[in-house]
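Q: Compute the structure for the input listed below.
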Amino acid sequence: MPVINRIAAFADDMTAWRRHLHQHPELGQQCYETAAFVVERLREFGVDEIHEGVAISGVIAIINGQGEGPTIGLRADMDALPIPETTGADWASLNEGKMHACGHDGHTTMLLGAARYLAETRNFKGRVALIFQPAEEVGGGAELMVEEGVLDRFDIREAYAIHSAPGTPLGQFYTTPGPLMAAVDTFHVDIKGVGGHAAYPHETVDPIPAMLSIAQAMATIVSRNHCPLDDLVVSVTMVHAGTADNVVPETAYLGGTVRTFEKPVQAMVMRRMKEIVAGQAASFGVQGVLRYDVGYPPTINDPDATAFAVSVAQEIAGKDGVIADATREMGAEDFSYFQEKRPGAYLFIGNGDTAGLHQPDYDFDDAAAPFGASYFVRIAERALPLS
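A: Numbering: from 1, shown residues only. Next up is the predicted model:
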């Protein structure tokens, strides 16, 4: 598999960068130390422009090629997750309760590796915009970048990104044209009753049975209100109530996520949740308030951009190392905000047989970084050829 020789030569540097980033995870839009590290490396590489403070703590760097031409955007996310790490690695997180459990340290490293090579060689026309984005996990950093006008400001014509994929052989790729990942919304239900002594339940209005009934009824949205041939996931992921075993609490809470691809399906879920909360609350004599937050839109790959990206990935991994018609997934990704405005493609890159994403024992495999950096480089060079 032809990793670019020059990139292979500084693979140890990329490992050092990645492990430094892994030790210093930051959350959401507060990626200030991560951004400072990125900027320090970019200055060493001699990129032409560095724009800091984009979407609060994001960075956009410009590398000019040899002659006039369009601008291609290459994006990496920088933020971590609020998960205590259990890898036991020498480079484990030094920030308690935070870790890079989704490979964003590796994504940032791969884009830095591409930046170093592209700044050295400039074997392309036009410009490459390197997008180091905060707040992918929560906060919609991509949406904020789009709202700040970065696509127009830097005249970005197309945008590309990759994501670590545990369980896929190291250095191999997969994607699909059209819908690749789902939209994700969050819901919150606050329930209020009347608290009191657990020995005298008849003097209370217990919110816990209502909470449990609402959670069970929400499960029927998928099984009884939705066509089974379409994709939909409704997950209750948080249930909170009570502070002592002899007290009926006054309030209860449940929350979770909804993952869809189609607007009518999303609208149906919103309607049914409102009906369920109102109906169940009334039947138990409690107050129930639903808050439904519409989140990231679905990640939809442009067919032409995807075909191009697949051809580039095949240069790195060979034809047998790229799946071009993968099954779409119910995970979500805020790169979708870029794709709503510009053609682009999102690919997954194999991380080997490792723990899964968002798990406390996950770690990015440093051997994958040269493959991802080579992919980013070839995207730029093939999209902006000198000839």
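Q: In this structure, mark out all the helices, start to finish.
A: For the chain, applying DSSP state H gives helices covering 5-9, 11-23, 32-45, 104-121, 141-147, 150-153, 207-224, 263-284, 303-317, 336-341, 369-383.
Q: Number of residues surrounding the residue nearest to residue 348 when sequence neighbours are not counted?
A: By the measure of CB to CB, 6 or more residues apart in numbering, the closest residue to residue 348 outside its immediate chain neighbours is residue 165, 3.8 Å from it. Every residue, glycine included, has its C-beta placed from N, CA and C. Applying the criterion other CB atoms under 10 Å, we find 23 residues in the vicinity of residue 165.
Q: same question, residue 195
A: Residue neighbour count, defined by other CB under 10 Å, stands at 18 for residue 195.
Q: Please apply the same query to residue 88.
A: When neighbours are counted by other CB under 10 Å, residue 88 registers 8.
Q: Which residue lies nearest the spatial centre of the chain?
A: Most central in the chain under CA atoms, centre = their mean is residue 333, positioned 4.1 Å from the mean C-alpha point.
Q: Torsion angles phi and psi at that one?
A: Here is the backbone geometry of residue 333 (degrees, to the nearest 10): phi -160, psi 130.
Q: I'd say it and residue 298 touch.
A: No. With contact defined as CB atoms under 8 Å, residue 333 does not count as touching residue 298 (9.1 Å).
Q: joint contacts of those two?
A: With contacts defined as CB atoms under 8 Å, 6 or more residues apart in numbering, the residues adjacent to both residue 333 and residue 298 are residue 181.
Q: Export the helices of the chain as a markdown table, with columns for distance to residue 248 and mean pLDDT.
A: As requested, the helices of the chain are exported to a markdown table (distance: least, CB to CB, whole Å; pLDDT from 0 to 100):
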| stretch | distance to residue 248 | mean pLDDT |
| --- | --- | --- |
| helix 5-9 | 62 | 98 |
| helix 11-23 | 45 | 98 |
| helix 32-45 | 45 | 98 |
| helix 104-121 | 43 | 98 |
| helix 141-147 | 42 | 98 |
| helix 150-153 | 52 | 98 |
| helix 207-224 | 8 | 97 |
| helix 263-284 | 13 | 98 |
| helix 303-317 | 55 | 98 |
| helix 336-341 | 43 | 98 |
| helix 369-383 | 54 | 98 |
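Q: Residue 356: which of those is closest?
A: Proximity of these to residue 356 was assessed by CB to CB; the nearest stretch is helix 104-121, lying at 14.6 Å.
Q: List the buried residues of that closest one.
A: 104-119 (16 or more other CB atoms under 10 Å).
Q: again, but for stretch 80-99
A: Neighbour counts over stretch 80-99 (16+ other CB under 10 Å) mark 80, 81, 83, 85, 87, 91, 93, 98, 99 as buried.
Q: Tell me how far residue 103 lies from residue 134.
A: The spacing between residue 103 and residue 134, counted by CB to CB, to the nearest Å, is 15 Å.
Q: Let me know the pLDDT of the residue nearest to the centre of the chain.
A: The predicted local distance difference test score for residue 333 is 97.
Q: So what touches stretch 377-387?
A: Applying CB under 8 Å, 6+ apart, the set of residues contacting stretch 377-387 from outside is 4, 7, 65-67, 69-70, 72, 74, 114, 117-118, 123-126, 128, 158, 160, 308-309, 311-312, 315-316.
Q: same thing but at 7 Å, please
A: Residues from elsewhere that reach stretch 377-387 (CB atoms under 7 Å, 6 or more residues apart in numbering): 4, 65-66, 69-70, 72, 74, 114, 117-118, 123-126, 128, 158, 160, 309, 312, 315-316.
Q: and the residues you listed, which are buried?
A: Among these, the ones that count as buried by 16+ other CB under 10 Å are 4, 65, 69, 72, 74, 114, 117-118, 124-126, 128, 158, 160, 309, 312, 315-316.
Q: can you put the helices of the chain in CSV and add distance to residue 186?
A: Below are these laid out as CSV (distance: least, CB to CB, whole Å):
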stretch, distance to residue 186
helix 5-9, 39
helix 11-23, 28
helix 32-45, 25
helix 104-121, 20
helix 141-147, 15
helix 150-153, 26
helix 207-224, 13
helix 263-284, 11
helix 303-317, 29
helix 336-341, 16
helix 369-383, 30
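Q: and which of the buried residues of helix 104-121 is nearest to residue 281?
A: Looking across those and measuring by CB to CB, the closest to residue 281 is residue 104, at 39.6 Å.
Q: so what's that closest one closest to, chain neighbours aside?
A: Using CB to CB, 6+ apart, the nearest residue to residue 104 is residue 77, at 4.8 Å.
Q: How about the contacts made by the one you found?
A: With contacts defined as CB under 7 Å, 6+ apart, the neighbours of residue 77 are 104, 107, 133, 136.
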